[in-house]
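Asks: build me a model from this:
(one chain, ligands or ions: 1)
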Amino acid sequence: MKKTKCHNCGKPAIVTYNNGKLALCLDCNLKFQQAQELIFRRNVKMLNYLTAEIEAVGGLPRLFPRYKVSSPVYYKGDLILNNINIQNSNVGVINTGNVESIDVSLTFLKEQGNEEIAELIKILTKEIIKNKDIVENQKNEILEQLAFITEQLSIPKEQRKTSILKTIFATIFTSISGFSNLLEILEKVKKLIF
Ligand SMILES: [Zn+2]
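Replies: Numbers count the residues shown, from 1 in each chain. Next up is the predicted model:
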């Protein structure tokens, strides 16, 4: 039996698509899967964005459910989003799912007229990402917590999980206790909320 070769690089194929019309080796299949994942994530992001826009027009934030993107993408390099731009590749490996989530909520906050808090959270997020003294794991944890806070801020006060918010604030304060520039911004954010 003739061995099928990868249509991209010629190595032995391990998988075929479209009734054998596309055959790929292990490496090229991984690239193909990653490309599919990126397209999927982009589409999901667009759908979520459109949903947010519809809600903004109706003045009903978080009315509709969002698609959840299951696997986080860890990213090293420039990060260009609607609000958050980091053009410094030396920031470690960041879970972009959290940063994207913060970015979407920032757009929401701005649309609601909460420019001041949105700007503070934007600066805080960038400073945390760029901080070279916070280890990657902890950095991603803080970003995850910040994503939760920012999402909560984009919904009406009476619907917020205030006690959880306070706990998460306290956790972040502990995590960044060694960095006065970060503490100062988080303090300002807290004053605007509680
Ligand atoms: Zn190949």
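
Asks: can you check the pLDDT for Q112?
Replies: What the model reports as pLDDT for Q112 is 88.

Asks: so how far is the ion from it?
Replies: Separation of Q112 from the ion (C-beta to the ion, to the nearest Å): 49 Å. Where C-beta positions appear, they are placed from N, C-alpha and C, glycine not excepted.

Asks: and the protein, which of its residues are near the ion?
Replies: Applying C-beta under 5 Å from the ion, we find that the chain lies next to the ion at 6, 8-9, 11, 25, 28.

Asks: and the buried ones among these, selectable in PyMOL?
Replies: Remark: buried members of the residues of the chain next to the ion, expressed as a PyMOL selection using 16 or more other C-beta atoms under 10 Å:
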select buried, resi 6+8+25+28
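
Asks: which two from the residues of the chain next to the ion end up farthest apart in space?
Replies: Distances among the residues of the chain next to the ion were taken as C-beta to C-beta; the most separated pair is N8 and K11, at 8.7 Å.

Asks: who touches both of those two?
Replies: Listed as contacting both N8 and K11 by C-beta atoms under 8 Å, 6 or more residues apart in numbering are 25, 28.

Asks: gap between stretch 105-123 and the chain center?
Replies: Centre-to-centre, stretch 105-123 and its host chain are 16 Å apart (C-alpha atoms, centre = their mean, to the nearest Å).

Asks: what sits against L186?
Replies: 124, 169, 172-173, 176.

Asks: closest one to I102 out of the residues you listed, please.
Replies: L124 (9.4 Å).

Asks: help me confirm that the closest one comes into contact with K190.
Replies: No. At 11.1 Å, L124 does not count as touching K190 under the criterion of C-beta atoms under 8 Å.

Asks: who has more neighbours, the two?
Replies: Neighbours per residue (other C-beta atoms under 10 Å) separate L124 from K190, with L124 holding more: 24 against 17.

Asks: hmm, who's touching the helix or strand containing the more buried one?
Replies: For L124, the host element (DSSP states H and E) is helix 115-130. Contacts with helix 115-130, where a contact means C-beta under 8 Å, 6+ apart, come from 79, 83-84, 86, 88, 91, 94, 99, 102, 106, 109-110, 134, 139, 142-143, 146, 149-150, 153, 176, 181-182, 185-186, 188-189, 192-193.
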